[in-house]
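>>> 3D model of this:
(one chain, ligands or ions: 1)
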Amino acid sequence: MSESTRSVIVIGGGLAGLSAAVRLAEAGRVVTLIEATRAGGGRARSFHDATLDREVDNGQHLMMGCYRETLAFLRTIDSTDGVYFQKNLEVTMVKPGGKRLHLQCPALPAPLHLATGLLAMRGLGVLDKAAALRAGLMLRGEVQRPDDNETCDSWLRRLGQTPTLRNAFWDPLIWGTLNDDPLVSSAAMFTAVLDRAFLTSRDASRLGVPKVPLSRLYVEQALAYLRARGCELRLGESVRALEVTNSRVTGVTLKSGDTLAADVVVSSVPPQAFLDMLPGTLPSHPVYQDIARLRPSPIVNLWFSVDRAPFDDPFVGLVAGPLHWMFNRSQIEGEVGSEVMMNCTISAARACVDDPPETLQALLQSELQRYFPAAGPQGPKIKRFKVIKEKRATISHAAGTYHCRPEVTGPVRGLYMAGDWVRTGLPATIESAVQSGHDAAKAILTSERN
Ligand SMILES: Cc1cc2nc3c(=O)[nH]c(=O)nc-3n(C[C@H](O)[C@H](O)[C@H](O)COP(=O)(O)OP(=O)(O)OC[C@H]3O[C@@H](n4cnc5c(N)ncnc54)[C@H](O)[C@@H]3O)c2cc1C
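The predicted model follows:
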């Protein structure tokens with residue numbers, strides 16, 4: 001059998017699986033994609049919701065200019081138009097009582113753009129700005145860098161970061177990018193984000209917001225791309241087990257009982273789903289035992305409509321509160337109507353993930369009043385409300401856990417691991433998922449040549 005006629009199965013139709021399959025199809029491989037749901041998209045998907053009577057994302061997703069692999073993937077499937085990117089990084093943070101802190105980075109080379117933006121930020125005092133400069137020196141390698149065992153909290157204290165600067169800048173960035181509490185999350189993981197986003201180029205730190213529902217942004221386009229190249233799409237079918245003989249993968253068994261033979265299998269499912277597919281004694285292998293040590297971190301999303309938007313920006317961050325970011329989806333999607341559709345994100349939402357919808361709606365209403373008092377004593381009135389809870393939104397990036405994430409290749413020959421949780425050097429994000437898919441495809445194509 002010639003190497004390029006090896007049969008390839010990709011398990012999972014989220015960002016990692018689709019990007020792996022698209023990269024392989026682009027290189028002329030005919031892939032069989034097996035995805036448990038009929039629609040695909042995994043943890044970054046959209047669907048029609050009857051309460052809100054519209055298509056909603058399972059959670060608001062933000063991208064950054066440094067999402068190189070993601071942008072390449074979107075270019076391949078011809079879908080870059082679906083994301084709105086800022087010209088330069090610009091973020092508004094709102095304090096309880098309504099006072100605003102505005103970070104606007106000028107058109108200067110990185111990292112000067114961020115330094116200048118922070119120095120010009122209204123609401124920060126001289127001590128806060130001096131602390132920002134100290135952090136800048138660290139990033140330029142002039143102060144000892146954190147290792148994976150140090151928490152963000154300890155690192156920020158070591159750098160003398162002031163409470164105001166933490167509340168307005170560092171902590172929201174950590175909650176948002178690592179989906180974890182600064183008290184537990186790894187400072188090394190965070191500085192990996194800072195390196196990519198703030199030290200490479202000015203464009204890298206721009207924020208990107210999808211203008212269209214997520215499934216329309218990439219799932220439908222990627223599936224169409226694969227179909228057009230003769231790939232087999234088995235949607236609504238689940239893999240029950242990997243078939244492994246003499247430490248080499250030979251195929252998969254589906255929940256239906258059917259077995260499909262393959263020389264190469266890419267698994268792009270989340271950690272526990274991957275462990276559940278391992279046959280025999282494989283789960284006791286040290287690489288796989290480490291995977292079992294990874295813990296999940298939840299995200300709660302509140303979709304709601306109001307009669308008028310509480311702010312004019314497309315999105316704002318809420319300083320030092322239980323709700324983290326608020327988005328005006330109507331403005332972002334260019335919708336006009338009598339109701340304004342909004343979305344609110346609560347990252348690492350362990351404290352409220354088990355709360356019933358009524359409790360979350362009451363919290364939202366009181367926080368709207370607390371942060372936007374100009375809207376009147378009752379605050380903007382919530383008309384429609386919907387909670388989406390993702391209990392396993394990402395892995396937790398707790399300090400000291402990076403070594404548990406596996407490489408793309410492991411102890412079983414022909415079996416490749418992809419997913420936002422594998423060892424990409426990045427936190428579990430869209431970019432990590434797509435990079436892992438591209439890394440798996442590259443490893444397969446390279447092994448064919450050797
Ligand atoms: C609410 C929320 C908000 C987020 N916000 C952001 C953000 O702002 N920016 C950002 O960069 N990232 C964000 N993320 C993270 C991002 O969504 C994920 O990193 C990314 O979607 C993970 O993709 P994946 O392909 O690795 O995994 P998944 O999306 O989980 O894909 C795995 C797929 O495998 C399928 N599957 C599972 N088991 C089987 C089986 N046995 N057989 C067949 N198929 C199977 C699943 O159905 C799923 O489709 C957010 C995540 C959530 C949940």
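
>>> up against the ligand, what does the stretch 351-450 of the chain have?
390, 393-394, 419-420, 428-431, 433 (Cβ under 6 Å from any ligand atom). All C-beta spots, glycine's among them, are computed from the backbone N, C-alpha and C.

>>> could you redo the last one with a cut-off of 8 Å?
Counting by Cβ under 8 Å from any ligand atom, the stretch 351-450 of the chain comes close to the ligand at 388, 390, 392-394, 418-421, 428-433, 436-437.

>>> what sits closest to L18 if chain neighbours are left out?
A222 (4.1 Å; Cβ to Cβ, 6 or more residues apart in numbering).

>>> roughly how far does that neighbour sit from R202?
Noted for A222: a distance of 30 Å to R202, by Cβ to Cβ, to the nearest Å.

>>> tell me which of those two has more neighbours.
Neighbour totals were compared for A222 and R202, and A222 leads with 26 against 21 (other Cβ atoms under 10 Å).

>>> in this structure that one contacts A20, no?
No. With contact defined as Cβ atoms under 8 Å, A222 does not count as touching A20 (10.5 Å).

>>> anything in contact with each of these two?
Here A222 and A20 share no contacting residue, scored by Cβ atoms under 8 Å, 6 or more residues apart in numbering.

>>> so V269 sits in a helix?
No. With DSSP: H, G, I helix; E, B strand; the rest coil as the criterion, V269 is coil rather than part of a helix.

>>> quickly note the distance from it to A399.
26 Å.

>>> OK, contacts around T345?
By Cβ under 8 Å, 6+ apart, the residues touching T345 are 59-60, 176, 299-301, 323-327.

>>> show me what it bridges to in the sheet.
N301, W325 (DSSP bridges).

>>> distance of it from the ligand?
To the ligand, T345 is 7 Å away according to Cβ to the nearest ligand atom, to the nearest Å.

>>> how about W175?
11 Å.

>>> excluding chain neighbours, what is closest to that residue?
S347 (4.4 Å).

>>> so that neighbour sits against L323, correct?
No. Judged on Cβ under 8 Å, S347 makes no contact with L323 at a distance of 9.8 Å.

>>> can you count the residues close to the nearest residue to N88 once chain neighbours are set aside?
Nearest non-adjacent residue to N88, counting by Cβ to Cβ, 6+ apart: C105, 5.0 Å away. C105 sits with 26 neighbouring residues when counted by other Cβ under 10 Å.

>>> how about G59, nearest residue that isn't a chain neighbour?
Spatial nearest neighbour of G59, excluding adjacent residues (Cβ to Cβ, 6+ apart): N301 at 4.3 Å.

>>> quote the end-to-end distance of stretch 403-422.
10 Å (Cα to Cα, to the nearest Å).

>>> now do it, average pLDDT.
For stretch 403-422, mean pLDDT rounds to 98.

>>> what about it, distance to the chain center?
19 Å (Cα atoms, centre = their mean, to the nearest Å).

>>> what parts of the stretch 1-150 of the chain come near the ligand?
By the rule Cβ under 8 Å from any ligand atom, the part of the stretch 1-150 of the chain lying against the ligand is 11-19, 34-37, 40-45, 57-64, 67, 70.

>>> run the last query once more with 5 Å
11-16, 36-37, 42-44, 59, 61-62 (Cβ under 5 Å from any ligand atom).

>>> among those residues, name the ones in strands.
Residues of these located in strands (DSSP state E): I11.

>>> ranking the residues of the stretch 1-150 of the chain next to the ligand by neighbours, who comes first?
Neighbour max across these (other Cβ under 10 Å) = L15, 35 neighbours.

>>> what sits against that residue?
42, 44, 70, 73, 218, 420, 430, 433-434, 437.

>>> returning to that earlier point: can you add pLDDT and distance to V91 and give the residues of the stretch 1-150 of the chain next to the ligand back as a markdown table?
Output for these, formatted as a markdown table (pLDDT from 0 to 100; distance: Cβ to Cβ, whole Å):
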| residue | pLDDT | distance to V91 |
| --- | --- | --- |
| I11 | 98 | 38 |
| G12 | 98 | 33 |
| G13 | 98 | 33 |
| G14 | 98 | 28 |
| L15 | 98 | 24 |
| A16 | 98 | 28 |
| A36 | 98 | 37 |
| T37 | 98 | 34 |
| G42 | 98 | 28 |
| R43 | 98 | 24 |
| A44 | 98 | 22 |
| G59 | 96 | 19 |
| H61 | 97 | 16 |
| L62 | 96 | 11 |
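
>>> keep only those of the residues of the stretch 1-150 of the chain next to the ligand that are in helices.
Among those, the residues falling in helices (DSSP state H) are 15-16.

>>> how's the chain carved up into domains?
3-64+212-294+398-449, 104-201, 296-395 (automatic domain parsing).

>>> ends of the shortest one, what's the gap?
To tie it back to what came earlier, the one meant is domain 104-201. Start-to-end, domain 104-201 (Cα to Cα) is 16 Å.

>>> ok, the longest strand seen in the chain: who's next to it in the sheet?
Under DSSP E, the strand in the chain containing the largest number of residues is strand 382-395. Partners of strand 382-395 in the sheet, by DSSP bridges, are strand 296-306 (antiparallel).

>>> spell out whether the strand it pairs with and the ligand are in contact.
Yes. For strand 296-306 and the ligand, the contact criterion (Cβ under 5 Å from any ligand atom) is met by I299.

>>> can I get the CA coordinates of that strand in CSV?
The C-alpha atoms that make up strand 296-306 are tabulated as CSV, following Å, rounded to 0.1, in the frame of the first residue of the first chain:
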residue,chain,number,x,y,z
PRO,A,296,-12.4,20.9,34.0
SER,A,297,-13.3,24.6,34.5
PRO,A,298,-16.9,25.7,33.7
ILE,A,299,-18.3,28.8,31.9
VAL,A,300,-21.8,30.2,32.4
ASN,A,301,-23.4,32.3,29.7
LEU,A,302,-26.4,34.5,30.2
TRP,A,303,-28.3,35.5,27.1
PHE,A,304,-30.8,38.2,27.6
SER,A,305,-32.8,40.9,25.8
VAL,A,306,-33.4,44.4,27.2
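
>>> returning to what we had before: got a pLDDT number for the residue nearest to N88?
So C105 comes in at 90 (pLDDT).

>>> where does S436 sit: helix, strand or coil?
Following three-state DSSP, the label given to S436 is helix.

>>> how far does stretch 37-44 sit from its chain's centre?
With Cα atoms, centre = their mean, you get 15 Å for stretch 37-44.

>>> I should have written stretch 379-389 there, sorry.
Relative to the centre of its chain, stretch 379-389 is centred 23 Å away, using Cα atoms, centre = their mean.
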